[in-house]
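Engineer: coords please:
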Amino acid sequence: MIHRGPWHRLRTLLRLGVWAGLLLAASPAAQAQGPGPIEMQVESFAAAGTGERLPFWLGANQRGTVDPTSANLGLRMGVHRPFRRAAGLRYAVGAEVLGRASQSGTVAVQQLYGRLRYGPAQLTAGRRARVVGRIDTSLSMGSVTWSQNAPPPTRISVSSNGYVPVPGLGDAVALRGYFGHGWFDDDRFTRNALLHEKSFYLRLRAPGVPVTAHAGLVHHAIWGGTNPLRGAQEVSVRQWAEVVVGSNILTRPTQTQGETNREDANHVAMYDFSLDVDLGGVTGRVYRQFYLEDLPAFWFRNVWDGLWGARLRLDAREALVHTVLWEHLRMTRQGARFDQGEARGADSYYNHFKYKGGWTYQGRTLGVPLLTPAAATPGLADALPGIGNNIVVAHHLGVAGALGAGVSYRLRGTYSRNYGAKNVCVTPDCASTGRSFDDRRDQWSVRLGVRGPLAKRYGLYGRVAAALDTGEFYDERVGLQVGLQWRGLYGAEGTSPR
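Structural biologist: Sure thing, here's the model as predicted:
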């Protein structure tokens, strides 16, 4: 018997792709542009380790490509047609398919999207990967709301094309915005839930001053769907409007009140600040993400919870060390009222009293992957929904550089202190909840990856990564990942390596 869910999902994605293609093909401006350059990529990979699961950094922040529960053998193929530099209406399309043999083997459409851009505005429809926040995406442990850990769901969004200068102020003040709607799959605890997203950023750049400031507010919400304990949740224009403005945050119920059938979305948000400094040959960035889940957090009750980061980068990419990143994550207060002697608050980050699947997608955390799903938390059953470890303190170091002859490397090392989570589902049906663990478990996770050309003329590259976990949270384990990648560019002049 064929389950309707995956086929329905694929059909929806294909319809979006066909709709985008027909719309683009019918556009005179698009026809005048021609097909343009098409980027192609084919990659085979294999991963294995000494433990029951792969080391943490072999599976985390891979957009769901690698299955962390076993050895992997996979093939990924992608085709992307980026925007061209042209006047008027422009378009971009892309697709990426993954085939993987593992304990959770799959053949899946990882990306399939169409995009339109006109002036400063753009429309995106389909499944397209994105990271939210001013973090260093190449070395970071991940943004606190949306990282590179999970594959992207299906969305439709309108956004600005980067920052748009405010008229009359030149480049000194610029704004950037995003507004989107998405659909989760039917394999969650609350089936067929909906996703709301928006963000607004301000950029300040004084003429002649080598410092640029960014400030943003990011908001996501899971709503709607069919909950096995509460039935179908309201999906209406009124409910959507309440989710958009976040009105139900003002009267968020307690855990006891949450047993009613009150309509309440799972809100996840952050204040995102950064400063960029250009020192001439060296650029620096410091950033701070304040994690928010409820009204007290919006007024900085959890002021120390969130992510700090500092990065230095040389313009000389051939240097032995050209990028150094340090990050600090703290997710411990969780709404605690210190004036009343509370060490931990009533919040349970990335978990929710109604949307018990938590802030996850396809079994992977959507935010910082150090906050682990229950199924990936040692000591908890594999079938449990939600987050099993969310009281975390971590320090993270990332280093990148070049080894000569086109060979580059990236080193990531993370030290974390893990204290478990409250309100974790005890059984798969979440009829009751409890504490996962409450002792402190220290952990070290390290990954070193190297990439270089095998036949650069033909666009052939190889990569290898080794990873290690040691400590009290995970088992002692070592793993290795190898890959072979071909990248090409097809354009008006034929095919050539990228």
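
Engineer: Could you use CA atoms for every contact and neighbour count after this?
Structural biologist: Noted.

Engineer: quick check, residue 47 in a helix?
Structural biologist: No: counting by DSSP: H, G, I helix; E, B strand; the rest coil, residue 47 is not part of a helix but strand.

Engineer: any idea of the pLDDT on the closest residue to it other than its chain neighbours?
Structural biologist: Closest residue in space to residue 47, ignoring its immediate chain neighbours: residue 481 at 4.2 Å, by CA to CA, 6 or more residues apart in numbering. With respect to pLDDT, residue 481 has a value of 98.

Engineer: Distance from the helix or strand where residue 481 lies to the middle of the chain?
Structural biologist: Assessed by DSSP states H and E, residue 481 sits inside strand 477-491. Distance of strand 477-491 from the chain centroid (CA atoms, centre = their mean, to the nearest Å) equals 21 Å.

Engineer: One more: stretch 76-88?
Structural biologist: Centre-to-centre, stretch 76-88 and its host chain are 22 Å apart (CA atoms, centre = their mean).

Engineer: cool, and stretch 133-146?
Structural biologist: Between the centre of stretch 133-146 and the centre of its chain there are 8 Å (CA atoms, centre = their mean).

Engineer: How about it, which residues are buried there?
Structural biologist: When neighbours are counted by 16 or more other CA atoms under 10 Å, the buried residues of stretch 133-146 are found to be 133, 134, 135, 136, 139, 140, 141, 142, 143, 144, 145, 146.

Engineer: end to end, how far does that stretch reach?
Structural biologist: Stretch 133-146 has an end-to-end distance of 8 Å (CA to CA, to the nearest Å).

Engineer: Same question for stretch 357-375.
Structural biologist: Across stretch 357-375, first to last residue, CA to CA, it's 11 Å.

Engineer: what bits of the stretch 1-150 of the chain have low per-residue confidence?
Structural biologist: For the stretch 1-150 of the chain, the stretches with pLDDT under 70 are 1-36.

Engineer: tell me the strands in it, going along the chain?
Structural biologist: 38-49, 72-81, 90-101, 106-118, 121-127 (DSSP state E, counting those that start in this stretch).

Engineer: Which pair of the buried residues of stretch 133-146 spans the longest distance?
Structural biologist: 139 and 145 (16.6 Å; CA to CA).

Engineer: Tell me how far the residue most central in space within the chain lies from residue 137.
Structural biologist: Centroid-nearest residue in the chain: residue 147, 2.3 Å away (criterion: CA atoms, centre = their mean). As judged by CA to CA, residue 147 and residue 137 stand 8 Å apart.

Engineer: Next, show the common contact partners of these two.
Structural biologist: Listed as contacting both residue 147 and residue 137 by CA atoms under 8 Å, 6 or more residues apart in numbering are residue 131.

Engineer: Verify the stated contact: residue 392 with residue 415.
Structural biologist: No: applying CA atoms under 8 Å as the test, residue 392 and residue 415 come out as separate, 10.4 Å apart.

Engineer: more crowded one of these two?
Structural biologist: Set residue 392 next to residue 415 and count neighbours by other CA atoms under 10 Å: residue 392 wins out with 22 against 18.

Engineer: can you map out the strands along the stretch 151-300 of the chain?
Structural biologist: Ranges of strands in the stretch 151-300 of the chain, per DSSP E, counting those that start in this stretch, are 154-160, 164-165, 173-183, 194-205, 211-223, 226-227, 231-232, 266-278, 282-292.

Engineer: right, and the ones you listed - which one's nearest residue 238?
Structural biologist: strand 211-223 (12.5 Å).

Engineer: Show me what that closest one pairs with in its sheet, parallel or antiparallel.
Structural biologist: If you go by DSSP bridges, strand 211-223 pairs up with strand 194-205 (antiparallel), strand 266-278 (antiparallel).

Engineer: would CSV of the strands of the stretch 151-300 of the chain with mean pLDDT be doable?
Structural biologist: CSV is the format used below for the strands of the stretch 151-300 of the chain (pLDDT from 0 to 100):
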stretch, mean pLDDT
strand 154-160, 96
strand 164-165, 96
strand 173-183, 97
strand 194-205, 97
strand 211-223, 96
strand 226-227, 87
strand 231-232, 88
strand 266-278, 96
strand 282-292, 96
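
Engineer: re the thing from before, show me the beta-bridge partners of the residue nearest to residue 47.
Structural biologist: With DSSP bridges as the criterion, residue 481 is bridged to residue 47, residue 465.

Engineer: Distance of it relative to residue 107?
Structural biologist: 20 Å.

Engineer: Next: residue 421.
Structural biologist: For residue 421, the distance to residue 107 - CA to CA - is 33 Å.

Engineer: The two - which one has more neighbours?
Structural biologist: The neighbour count for residue 421 versus residue 107, taken as other CA under 10 Å, is higher for residue 421 (24 against 13).

Engineer: How far off centre is stretch 197-205?
Structural biologist: Taking CA atoms, centre = their mean, the mean C-alpha location of stretch 197-205 is offset from the chain mean by 18 Å.

Engineer: tell me the contacts of residue 137?
Structural biologist: Neighbours of residue 137 in contact, by CA under 8 Å, 6+ apart: residue 131.

Engineer: ok, now how distant is residue 93 from residue 177?
Structural biologist: 21 Å.

Engineer: actually residue 38, sorry about that
Structural biologist: Going from residue 38 to residue 177 by CA to CA gives 28 Å.

Engineer: One more: residue 243?
Structural biologist: Noted for residue 243: a distance of 18 Å to residue 177, by CA to CA.

Engineer: quick one, which of those two is more surrounded?
Structural biologist: Higher neighbour count among residue 243 and residue 177: residue 243, with 23 against 20, using other CA under 10 Å.
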